[in-house]
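*Asks:* Sharing a sequence plus its predicted fold:
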Amino acid sequence: MILLKNMSYAHRKQTQLFDQMDWEVQPSQVIGLLGKNGAGKSTLLRLISGLLNPKKGEIQVNGFKPFNRSPFFLQDLMLLPEENFLPEKTRTQRYINSLAPFYPHFDRDKMTELQKAFDLPFDQKLGSMSYGQRKKLLIAFALASGCKTILLDEPTNGLDIPSKSLFRKLVTAHMQEDQTIIISTHQVKDVENLIDRAVIINQGKVIFDQNMLDIADQWHFGFSATPSETSVYAEKSMGGHYFIAPLQPGQQASQVSLELLFNAVISNQLYLPQPVNA
C-alpha cells in the first residue's frame with residue numbers, strides 16, 4: 001500500500017509543487033497518473049521511490065518510509081525513469097545478470113520470455129541498441145523483477161505503435177496479484193485500455209481519482225453533430241463534438257476516453273459532478 005498524508009514538497013528556490021497532498025493506493029492495481037507538463041508526475045514517483053524527501057507530511061510504501069532507503073524496501077520497488085543512461089559497452093545479458101541479484105523475486109524465465117516477446121537481442125552491446133530497444137529491455141526487466149511496487153515514468157515514449165500495443169498486453173499478462181503499477185504519462189491513449197484507475201494531479205493536489213469501471217458506469221462518452229443537452233463537457237472537432245454526459249438508465253456503457261476525461265477535469269479543476277442516476 002502507498003499512503004501520502006499531508007505531504008508537501010517544493011524544489012529548491014521554487015514555489016510549492018505539492019501542498020498537503022493526501023493519497024492512498026491499494027495493491028493489485030494499474031494506475032494511470034496524469035497531469036499537465038510541470039504538474040509534478042515525475043517528482044511524485046521520485047518521492048514514492050525515496051529519491052526525494054518530502055518537506056512536510058509523510059509517505060509510506062508497504063510499511064516503509066521511502067527516504068530511509070531500507071534494503072528491504074528497495075528490493076521490492078522498481079522505478080523506471082523516462083530517461084535512462086545505460087553502460088554502452090555492457091552486453092544485455094551481463095547487464096541483466098548484474099542487476100538481478102538485487103531483486104530476490106526476479107524471474108529469469110519471465111525475463112527471457114519478455115525479451116523474446118519484445119524481439120530484443122540477447123547478446124548485444126547496450127550502446128548499439130536503439131532508444132526503443134533499450135526502453136523495452138528496461139520495461140521487461142521491471143516486469144520480471146517481481147517487485148510489489150513498479151513505477152513507470154513515460155514508459156511508451158520512444159516505442160513504435162506495435163510495441164505500445166505489445167506493452168499493454170505484456171503488462172496485463174505478467175502483472176501479479178500483489179503488485180501495484182503506477183504509470184505516469186501524458187500519452188493517455190497509450191494506457192486507455194490498460195489502467196484500472198485514473199488519477200489526475202494539478203496545482204499540488206489529487207483532483208481526480210476514480211476506478212475506470214466506475215467512470216464507465218456513470219458517464220457516457222460520445223460523438224455527435226451537436227453536444228447532448230445533458231453533456232457536462234464537450235469539445236468541438238471535425239464534423240461534430242465529443243462530449244461527456246451522465247449515463248442514462250438502460251444506456252449501454254461506452255469506451256472511456258481518457259483524453260476527454262482529462263481535459264474535462266483540468267478545465268474545471270475539480271471532480272466531475274455526480275450524475276443524477278449514480
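*Replies:* Cool, got the structure.
*Asks:* Isn't residue 263 up against residue 234?
*Replies:* No: the pair formed by residue 263 and residue 234 falls short of the contact definition of Cβ atoms under 8 Å, at 10.2 Å. Backbone N, C-alpha and C define where each C-beta goes, glycine included.
*Asks:* show me the contacts for the nearest residue to residue 110 once chain neighbours are set aside.
*Replies:* Distances taken as Cβ to Cβ, 6 or more residues apart in numbering put residue 144 closest to residue 110, at 4.4 Å, once the chain neighbours are dropped. Remark: with contacts taken as Cβ atoms under 8 Å, 6 or more residues apart in numbering, residue 144 is in contact with 106-108, 110-111, 114, 174.
*Asks:* How much space separates residue 195 from residue 116?
*Replies:* Going from residue 195 to residue 116 by Cβ to Cβ, to the nearest Å gives 26 Å.
*Asks:* more neighbours, the two?
*Replies:* It is residue 195, of residue 195 and residue 116, that has more neighbours when counted by other Cβ atoms under 10 Å, with 25 against 11.
*Asks:* more neighbours, residue 263 and residue 234?
*Replies:* A count of neighbours by other Cβ under 10 Å puts residue 234 above the other of residue 263 and residue 234, at 20 against 16.
*Asks:* Just the mean pLDDT for the host helix or strand of the more buried one, thanks.
*Replies:* In this structure, residue 234 is located in strand 233-237 according to DSSP states H and E. Here strand 233-237 scores 90 as its mean pLDDT.
*Asks:* check contacts around the most centrally placed residue in the chain.
*Replies:* Closest residue to the average C-alpha location of the chain: residue 183 at 1.2 Å, with Cα atoms, centre = their mean. For residue 183, the set of contacting residues under the criterion of Cβ under 8 Å, 6+ apart consists of 30-33, 152, 155, 191, 194-195.
*Asks:* again with residue 149
*Replies:* Taking Cβ under 8 Å, 6+ apart, we find residue 149 in contact with 2, 48, 61-62, 76-78, 179-180, 182.
*Asks:* Flag the shaky bits of the stretch 51-200 of the chain, pLDDT-wise.
*Replies:* Of all residues in the stretch 51-200 of the chain, none has pLDDT under 70.
*Asks:* that older thread, and the direction of whichever helix or strand comes after the strand holding residue 234 versus that of strand 233-237, what angle?
*Replies:* On the C-terminal side of strand 233-237, the closest following helix or strand by DSSP H and E is strand 240-246. Strand 240-246 runs at 170 degrees relative to strand 233-237, counting by axes from the mean of the first three to the mean of the last three Cα atoms, to 10 degrees.
*Asks:* and strand 240-246, average pLDDT?
*Replies:* In the prediction, strand 240-246 has an average pLDDT of 92.
*Asks:* list the helices and strands the next helix or strand after it packs on?
*Replies:* Secondary structure here is assigned by DSSP H and E; on that basis, the next helix or strand after strand 240-246 toward the C-terminus is helix 258-268. Using 3 or more Cβ pairs under 8 Å, 6 or more residues apart in numbering; DSSP states H and E as the contact definition, the elements that helix 258-268 packs against are strand 29-34, strand 197-202, strand 205-211, strand 219-224, strand 233-237, strand 240-246.
*Asks:* Quick one: closest of the ones you listed to residue 137.
*Replies:* Ranking the helices and strands packed on helix 258-268 by proximity to residue 137 (Cβ to Cβ) places strand 29-34 first, at 20.8 Å.
*Asks:* partners of the closest one, with directions?
*Replies:* Here the strand partners of strand 29-34, with direction, are listed using DSSP bridges: strand 180-184 (parallel), strand 197-202 (parallel).
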